[in-house]
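> sharing a model prediction with you, sequence too.
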Amino acid sequence: IWGKVWEVLVDDREADRYSRNLRVVNLHHEGNQVRLRMVEDTAPAPDARAVEPSLEDLFLYHFGEEVQGEREKRMKTLIKYEFLKILRKKSTLIVMAASLLITAFFFGLPVLQFQTYNQDGVLQGLAGIQYEKEQYTEISVLLTNEYVTKTIREVQELFEDPENVGYDGNKQFLIEDAYWNGIAPRESLLDLIAGNYADPNVSAGYSALTDLDVSDGTDFYQARQDKIEKILNDSSKELSEEKDYWRNLNSKVEEPFQYGYYEGWEVIISAFELLMFAVLAVCIVIAPVFSGEYQAGTDAVLLSGKYGKTKLTTAKILAALFFGVLAFTLHVLLAFGLPLAAFGTDGWNLPLQINGTTVPYPLTFLEGTLINLGVIYLVLLAMIGVTLFLSARMKSPYLVPNFGSYLSYQFGPVVLDAFAVRTVLYV
């Protein structure tokens, strides 16, 4: 192994890097620097000096792979130990159990509260969901201009018979058989069509369709483009480059839209922010990873150990990341599983525009869900990183900030956090 044994003089930081990545035989401290002796086929650094090999060098050269394997095995053991240390804490079990119950409650609540109507009365829960899905089989259609024109004319014809029309002092609406047979089975579709022709920020129901002139047909998608232009032109704060960006994005939306049932995906997308409580639960659990050692008085012992400042610190970080991703994924499976089990996976390939025609994103419900999920996983990793940084800096886990206090809404002089607001809305 002549010409394959090297010595180099480096600082502590470089010495640590070399020790992790190269075959270091031994090291000696010389003042503020470290002299490393390494076995490598080529010079590990420009200023490395070839030296006479020894039996120890020969052993490391031939059995170095085994040594590296032992290092990896040791690292895996440390990560496993730190992971189990987090998992087996009573506080971890309590926080995770509470967080999973909260997730199950909020994502299961739309199923329990779901209700729809027919001529016989109210249908609730799973029975109501099944009834609504049956209604959608008749309106799972391609929204061509011809179909939209035909649908608007059918509604207008129903309003032409005075016996079909009721009046509440503000607007007209259809009653009895005209409503139950002509409107109720497709009311969500009619509201979507009516909303497409309404001005921005103005809600419109099926009764607004009587105001449309469709004697020469109608261009549903031109009306959509006109409405989007109004929204962009009303946004005076946006620069022309931003408006061009949204126009270009919107131009990629495929037309005509395929309409159909998508309730399960709507529940998931509309309740995505609730997963932030799972993120906060993860942060609460990992807050003591470093600060807990300070509190228990074990930090000095750990730092003085052989791997205290290098491998053990890395193992703690990796174990915390692994626990955080695993725990959050469990919340995601529960959050997605409940509504999709009840409402079904129907609509995963339908465009987002059938939930609001001015949505500019050329995505299906599944694609939109996956992008949202990717974003919140990035938020999770960022929050874990910040929590671990603060945990290493602070002497007590109780001093690590509760980020939930920053998720708040203001109603006049009253400020409520996101959890309280969601509770009020559901209850």
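Great, that's in hand.
> tell me which residues of stretch 381-390 are tucked away?
By 16 or more other Cβ atoms under 10 Å, the buried positions in stretch 381-390 come out as 383-384, 387-388, 390. In this view, the C-beta of every residue, glycine as well, is placed from N, C-alpha and C.
> sorry, wrong one. I was asking about stretch 46-55.
48, 53.
> what about the strands in the stretch 251-400 of the chain?
Under the criterion DSSP state E, counting those that start in this stretch, the stretch 251-400 of the chain contains strands at 257-258.
> where does pLDDT dip in it?
292-310, 395-400 (pLDDT under 70).
> so the residue located most distally from the centre of the chain, which of the three states?
Of all residues in the chain, residue 52 has its C-alpha farthest from the mean position, at 57.6 Å, by Cα atoms, centre = their mean. Following DSSP: H, G, I helix; E, B strand; the rest coil, we place residue 52 in the coil state.
> and for it, nearest residue in space, chain neighbours not counted?
residue 5 (7.2 Å; Cβ to Cβ, 6 or more residues apart in numbering).
> same thing with residue 252?
Per Cβ to Cβ, 6+ apart, closest to residue 252 is residue 362, 4.0 Å.
> how about that neighbour, phi and psi?
phi -80, psi 60 (degrees, to the nearest 10).
> for it, the count of nearby residues, please.
Using other Cβ atoms under 10 Å, residue 362 has 15 other residues around it.
> ok, it - contacts?
The contact partners of residue 362, by Cβ atoms under 8 Å, 6 or more residues apart in numbering, come to 249-250, 252-254, 351.
> can I get those residues in TSV with neighbour count and distance to residue 367?
Shown next, in TSV, are these (neighbours: other Cβ atoms under 10 Å; distance: Cβ to Cβ, whole Å):
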residue	neighbour count	distance to residue 367
249	12	14
250	19	16
252	10	12
253	19	12
254	10	12
351	25	10
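> that older thread, contact partners for the residue nearest to residue 52?
By Cβ under 8 Å, 6+ apart, the residues touching residue 5 are 25, 37-39, 50-54, 57.
> look up which residues are beta-bridged to it.
residue 39 (DSSP bridges).
> how far away is it from residue 223?
79 Å (Cβ to Cβ, to the nearest Å).
> residue 15 too?
For residue 15, the distance to residue 223 - Cβ to Cβ - is 69 Å.
> and if you look at residue 274?
With Cβ to Cβ as the criterion, residue 274 and residue 223 are 34 Å apart.
> quick one, what contacts residue 325?
377, 380-381.
> distance to residue 80 added to those residues, as TSV?
Output for those, formatted as TSV (distance: Cβ to Cβ, whole Å):
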residue	distance to residue 80
377	23
380	22
381	21
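> go through the residues you listed and flag which are in helices.
Counting by DSSP state H, the contacts of residue 325 place 377, 380-381 in helices.
> confirm that residue 218 sits in a helix.
No - per three-state DSSP, residue 218 lies outside any helix segment and is coil.
> any idea what sits nearest it, other than its immediate chain neighbours?
residue 149 (5.0 Å).
> over to residue 379?
The nearest residue in space to residue 379 (Cβ to Cβ, 6+ apart) is residue 279, at 6.4 Å.
> tell me how many other residues surround that neighbour.
Counted with other Cβ under 10 Å, residue 279 comes out at 25.
> surely it touches residue 383?
Yes - taking contacts as Cβ atoms under 8 Å, residue 279 lies within contact range of residue 383: 5.5 Å.
> next structured bit after the strand or helix carrying residue 229?
Following DSSP states H and E, one finds residue 229 within helix 220-234. The helix or strand immediately downstream of helix 220-234 is helix 240-250, counting by DSSP H and E.
> what pLDDT, on average, does that next one get?
Helix 240-250 shows a mean pLDDT of 88.
> may I have it as CSV, with CA atoms only?
The C-alpha trace of helix 240-250 is given here as CSV (Å, rounded to 0.1, in the frame of the first residue of the first chain):
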residue,chain,number,x,y,z
SER,A,240,-49.3,43.2,-15.3
GLU,A,241,-46.7,40.4,-15.0
GLU,A,242,-48.8,38.7,-12.3
LYS,A,243,-52.0,39.0,-14.4
ASP,A,244,-50.2,37.5,-17.4
TYR,A,245,-49.1,34.7,-15.2
TRP,A,246,-52.7,33.9,-14.1
ARG,A,247,-53.9,34.3,-17.7
ASN,A,248,-51.3,31.8,-18.9
LEU,A,249,-52.1,29.4,-16.2
ASN,A,250,-55.8,29.6,-16.9
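> now do the buried residues in it.
Under 16+ other Cβ under 10 Å, the buried positions of helix 240-250 are 246, 250.
> for it, the distance to its chain's centre please.
25 Å (Cα atoms, centre = their mean, to the nearest Å).
> what's the answer for stretch 126-134, then?
28 Å.
> over to stretch 137-155?
35 Å.
> what's the end-to-end length of that stretch?
Using Cα to Cα, to the nearest Å, the end-to-end distance of stretch 137-155 comes to 19 Å.
> for that stretch, give me every contacting residue.
Contacts of stretch 137-155 (Cβ under 8 Å, 6+ apart): 182-183, 185-186, 189-190, 193, 206, 209-210, 212, 214, 217-221, 256-261, 354.
> so for it, mean pLDDT?
94.
> okay, buried residues for it please.
139, 143, 145, 147-149, 151-153, 155.
> from these, which is closest to residue 118?
residue 139 (15.6 Å; Cβ to Cβ).
> could you look up the SS state of that closest one?
coil.
> got the buried residues for stretch 80-90?
Buried, per 16+ other Cβ under 10 Å, within stretch 80-90: 82-83, 85-86.
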